[in-house]
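Chemist: What follows is a protein structure lacking sequence information:
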Ligand code: SF4
């Protein structure tokens, strides 16, 4: 006799087979979700008859450093349901093109004895036909077409633009290089060879945190999330980490065990607030003013009222603070204006590319100096003369 006693008829529990079948698999493989996600979490993919049936998190991440918490658990809700996207009826698996456009192109091609470039040129020169397919944008009406046809149309559209306006009027977007290296390389290489302009994925999504290039001069110089653990203070702003950096959010929570002070600045009491020491409920849209006020306090206390050598040396070495700015009259006051250009000063009035060079004061001689490194010195291709 079984030590489990079925208190009801086993036949009535046949529905449980549904779950047993649902999680059947004949092998597991390792993978991640490389479609516009830089999380790179490691997953066990359970496969049955060549079909992904379910996924679960891998638990074998190497330890980065003994002093840091382990990486597990990693993963997110979007990732664990990723296999649904693979087999979704909504997944795009072949080219779709707006019906109004392909009809117009086919008609022109027939009229042009099958000459694709002539067909596209005629279509572009016919205001009425052009407007018709342009007005159809945003209204659906997509139709499946063959790759040959859509590649031909893309090719002639690029050739037409290059012939009429120049190749640098062809702007392209290539996927995130960190995630889709081959796609990125193919698009980037094509645009280079063609003479077009390669926009970054950030330009396309419009989600570049502009403060990054403005402050550090390069795009998203982000630290490894595990390093949050070493922070003295974390200011979380514009990111509900649970939602937007799910696999790494645990480092934020764990950092508090290491003495990190965590502050969240957000209009709403978002999920991440629960980990924080403090929640600052900024009004929506006031973030910029808040951080300018913070910067003001830092500069006043560490630069003006009390000069701190570490801070001063850092700003001299790594920021553009030493460059002179013009003072502008504002009522009875003088306020800082734009950067002083080298050719606005008598000693440098004839210097080449003087609009593109800026000025410091030499600490020893107290003379004006024009340091190297400004775009007037390095952008030889863009500027008429070498500096
Ligand atoms: S963050 Fe989510 S979607 Fe991205 S790799 Fe990790 S589990 Fe996948």
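Modeler: Cool, got the structure. No experiment lies behind these values; they were computed from the predicted model shown.

Chemist: what's the burial count for whichever residue of the stretch 251-387 of the chain sits closest to the ligand?
Modeler: The stretch 251-387 of the chain approaches the ligand most closely through residue 251 (13.6 Å), counting by C-beta to the nearest ligand atom. (C-beta placed from N, C-alpha, C; glycine too.) Other residues near residue 251 number 24, with proximity taken as other C-beta atoms under 10 Å.

Chemist: where does residue 315 land on pLDDT?
Modeler: We have a pLDDT of 84 for residue 315.

Chemist: Go ahead and confirm it touches residue 323.
Modeler: No. If you go by C-beta atoms under 8 Å, residue 315 and residue 323 don't touch, sitting 11.2 Å apart.

Chemist: quick revisit: for the closest residue to the residue of the stretch 251-387 of the chain closest to the ligand other than its chain neighbours, list the residues it contacts.
Modeler: Leaving aside its sequence neighbours, residue 251 sits nearest to residue 228 (C-beta to C-beta, 6 or more residues apart in numbering; 4.5 Å). Applying C-beta atoms under 8 Å, 6 or more residues apart in numbering, we find residue 228 in contact with 234, 248, 251-252, 255, 260.

Chemist: at 7 Å instead, please
Modeler: 234, 251-252, 255 (C-beta atoms under 7 Å, 6 or more residues apart in numbering).

Chemist: Reformat those residues as JSON lines; add pLDDT.
Modeler: Converted to JSON lines, these look like this (pLDDT from 0 to 100):
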{"residue": "234", "pLDDT": "94"}
{"residue": "251", "pLDDT": "95"}
{"residue": "252", "pLDDT": "94"}
{"residue": "255", "pLDDT": "95"}
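
Chemist: Please identify which pair of these lies farthest apart.
Modeler: 234 and 251 (9.6 Å; C-beta to C-beta).

Chemist: which residues in the stretch 251-387 of the chain form strands?
Modeler: 261-265, 278-280, 325-330, 333-339, 360-361, 368-369 (DSSP state E, counting those that start in this stretch).

Chemist: can I get those in CSV with mean pLDDT?
Modeler: Listed next are the strands of the stretch 251-387 of the chain as CSV, based on pLDDT from 0 to 100:
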stretch, mean pLDDT
strand 261-265, 95
strand 278-280, 95
strand 325-330, 95
strand 333-339, 94
strand 360-361, 94
strand 368-369, 94
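
Chemist: just the ones you listed: most buried one?
Modeler: strand 261-265 (a mean of 19; mean count of other C-beta atoms under 10 Å).

Chemist: Name the residues that touch it?
Modeler: Residues contacting strand 261-265 (C-beta under 7 Å, 6+ apart): 232-237, 252, 255-256, 270, 272-273, 275-280, 282, 287, 290.

Chemist: Also stretch 41-50?
Modeler: 24-32, 52-58, 61, 74-75, 79, 247.

Chemist: Likewise for stretch 235-244?
Modeler: So stretch 235-244 is in contact with 245, 249, 252, 262-265, 270-272, 276, 287, going by C-beta under 7 Å, 6+ apart.

Chemist: Spell out which parts of the stretch 101-250 of the chain neighbour the ligand.
Modeler: Applying C-beta under 6 Å from any ligand atom, one finds that the stretch 101-250 of the chain approaches the ligand through 246-247.

Chemist: Could you tell me the end-to-end distance of stretch 67-77?
Modeler: 28 Å (C-alpha to C-alpha, to the nearest Å).

Chemist: returning to what we had before: would you list the strands of the stretch 251-387 of the chain in TSV and tack on distance to residue 152?
Modeler: Shown next, in TSV, are these (distance: least, C-beta to C-beta, whole Å):
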stretch	distance to residue 152
strand 261-265	52
strand 278-280	56
strand 325-330	55
strand 333-339	50
strand 360-361	56
strand 368-369	58
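
Chemist: Make CSV from those strands and add distance to the ligand to it.
Modeler: What follows is the strands of the stretch 251-387 of the chain, written out as CSV (distance: least, C-beta to the nearest ligand atom, whole Å):
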stretch, distance to the ligand
strand 261-265, 21
strand 278-280, 25
strand 325-330, 43
strand 333-339, 41
strand 360-361, 45
strand 368-369, 49
